[in-house]
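Undergrad: Need a 3D model of the following:
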Amino acid sequence: MATRRIADEPAYILHGYDWSESSLILDVFTRHYGRVTLVAKGAKKPTSNFRPVLLPLLPLRLAWGLGGELGRGEIHTLKGAEWVGGHVLPGGDALLAGLYLNELLMRLLAREDTHAQLFDLYAGVVRVLGSGAHGDALEPVLRAFELLLLREVGLLPALDTETATLSALAPEARYALVAEGGLRAAADGERAALAGAQWLALQRALDEGGAAGYTAVLRAVAGAPAATELKAQLRALLQYHCGSPLLRTRQLMMDLQSL
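TA: Coordinates of the predicted model:
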């Protein structure tokens, strides 16, 4: 029986590791098939056509045959890979940021669960990272992606009500987003918290949806006077849902900052 083939699929490499002396196992994020695991036979050989293109954070078009590899039906065989251009591999802080996003997707997305809108958002963020012109926009871009990723996978509570009581937020009061309790009133002196008006603005932006929603969220995050507090709360929530150990990219960033 002929093997079914997927062709010309937009994709990004999230992670790869050695399978044999000459081959790789790849975790890829695709637009129509979600997170897919592929075996790239011979990809490590100097003469392989795969070798120069199977890199993270580059826009690719992939082809693969559906069927079992290594005795597991969810691992498919890579048949073709082409870089579609548009930008080059990010460097410096942008590279670390991109690898951080890849690790989040690896931890939070189930295999072969389609997230076309999230894929388009990720592609847009990677274009910004690869442009080299992100400047001060890097942090807002990451915060916006974190918020939309959490919402996409159903892990972000409503930001216009207290989670436990379902009562509306008071614009002047301060609220904290916590892993096990959702959005709750902040304790006296609690630093990682935002004003109710800021949470309400973020929820309105999220409600817009699509590309307009991302732009609105990015604008809301960039305009937040307490961006550091938002970062701490989102990172804690993401780490909680990603589980142990600590995200490797987060550990690397902390190690670099301590040098």
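Undergrad: so where's the stretch 101-250 of the chain shaky on pLDDT?
TA: Within the stretch 101-250 of the chain, the stretches with pLDDT under 70 are 133-135, 224-225, 246, 250.
Undergrad: now the helices: where do they sit in this protein?
TA: For the chain, helices defined by DSSP state H occupy the ranges 92-108, 116-131, 138-152, 196-208, 210-222, 227-242, 248-257.
Undergrad: Tell me the spacing between residue 200 and residue 5.
TA: 49 Å (C-beta to C-beta, to the nearest Å). Quick note: C-beta positions are derived from backbone N, CA and C, even for glycine.
Undergrad: Tell me which residues touch the closest residue in space to residue 169 that isn't next to it in sequence, please.
TA: Once flanking residues are discounted, residue 169 sits nearest to residue 196: 3.7 Å by C-beta to C-beta, 6 or more residues apart in numbering. Contacts of residue 196 were listed using C-beta atoms under 8 Å, 6 or more residues apart in numbering, and they are 169-175.
Undergrad: ok, now residue 187?
TA: Counting by C-beta under 8 Å, 6+ apart, residue 187 has contacts residue 176.
Undergrad: next one: residue 130
TA: Residue 130 touches 57, 86-90, 94, counting by C-beta under 8 Å, 6+ apart.
Undergrad: on that earlier part again, in strands, which of the contacts of residue 196 appear?
TA: When DSSP state E is applied, those are split such that 174-175 fall in strands.
Undergrad: Out of the contacts of residue 196, which end up buried?
TA: The neighbour-count test (16 or more other C-beta atoms under 10 Å) marks 169, 174-175 as buried among the contacts of residue 196.
Undergrad: and of the contacts of residue 130, the nearest to residue 110?
TA: residue 57 (21.9 Å; C-beta to C-beta).
Undergrad: re the thing from before, what would the buried ones among the contacts of residue 196 look like in TSV with distance to residue 47?
TA: Shown next, in TSV, are these (distance: C-beta to C-beta, whole Å):
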residue	distance to residue 47
169	61
174	61
175	58
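Undergrad: what's the closest non-adjacent residue to residue 175?
TA: residue 183 (5.3 Å).
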